[in-house]
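Colleague: quick one, fold the following:
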Amino acid sequence: MFTGIIKNLGVVKDINDNSLIIKTDDQHFLNIDLGTSVSVDGVCLTVRDIEDNNLEFQISNESKDRSIIKGYKNNVNVNLELPTKVNEFLSGHIVQGHVDEISEVLNITEDNKDLWTFEFNSNNSKYLVDKGSVTINGVSLTVVNPNKNSFKVAVIDETYKRTNFQFLEADSQVNIEYDIISKYVERLIIDN
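Modeller: Okay, the predicted model is just below:
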């Protein structure tokens, strides 16, 4: 489980049919055990090898098909997060690392100094609640003004500087994970 609070940016060094290599200088990531889960742009992946500041992950077809991983090129910046520990603060919200859909950035507006509004398209607006939680590229954010086809999030300077949001443009693709609670509620209603 993750919280959506990004600790570090990594850089894609290589990607092929079943392997993704990401470079990081952050010792927190380089000193983990093999087999540890890491959130990469919101996708839960398992570390297969660590060598020379590179994390290697095996990637399944399911992970590629459901996420922006299939479009990665070398030198792309990715958001990295280690799994949360039971004794840590839950600063964001409960994030599983299971991407629900790929979305597109519709618009980016700098509202004033150090505050941006990002607008995304949404095929699953039923999971969005105004002031509820959503995960975009692994980042825990608060939903603003959702409607049938889109929603917005406000991004503060600290989040902007820590994440790959600083590299996004209109038409960029992102991973979206909707709040798990809304999906469980839907399942309970459908089953009863």
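Colleague: residues contacting the helix or strand bottoming out on mean pLDDT in the chain, please?
Modeller: In the chain, the helix or strand scored least confidently by mean pLDDT, DSSP states H and E is helix 180-191, which has a mean of 77. Helix 180-191 is touched from outside by 94, 96, 126-127, 129, 132, with contacts defined as C-beta atoms under 8 Å, 6 or more residues apart in numbering. C-beta: built from backbone N, CA, C; applies to glycine.
Colleague: which parts of the chain are helices?
Modeller: For the chain, applying DSSP state H gives helices covering 27-30, 61-66, 157-162, 180-191.
Colleague: can you tell me which strand in the chain is longest?
Modeller: strand 101-112 (DSSP state E).
Colleague: helices or strands up against it?
Modeller: Judged by 3 or more C-beta pairs under 8 Å, 6 or more residues apart in numbering; DSSP states H and E, strand 101-112 is in contact with strand 115-121, strand 173-178.
Colleague: and of these, who's closest to Val47?
Modeller: Closest to Val47 of the helices and strands packed on strand 101-112, according to C-beta to C-beta: strand 173-178, at 18.9 Å.
Colleague: list the contacts of that closest one.
Modeller: Strand 173-178 has contacts (C-beta under 8 Å, 6+ apart) with 41-43, 67-68, 71, 95-105, 120, 122, 124, 127-128, 134-138, 168.
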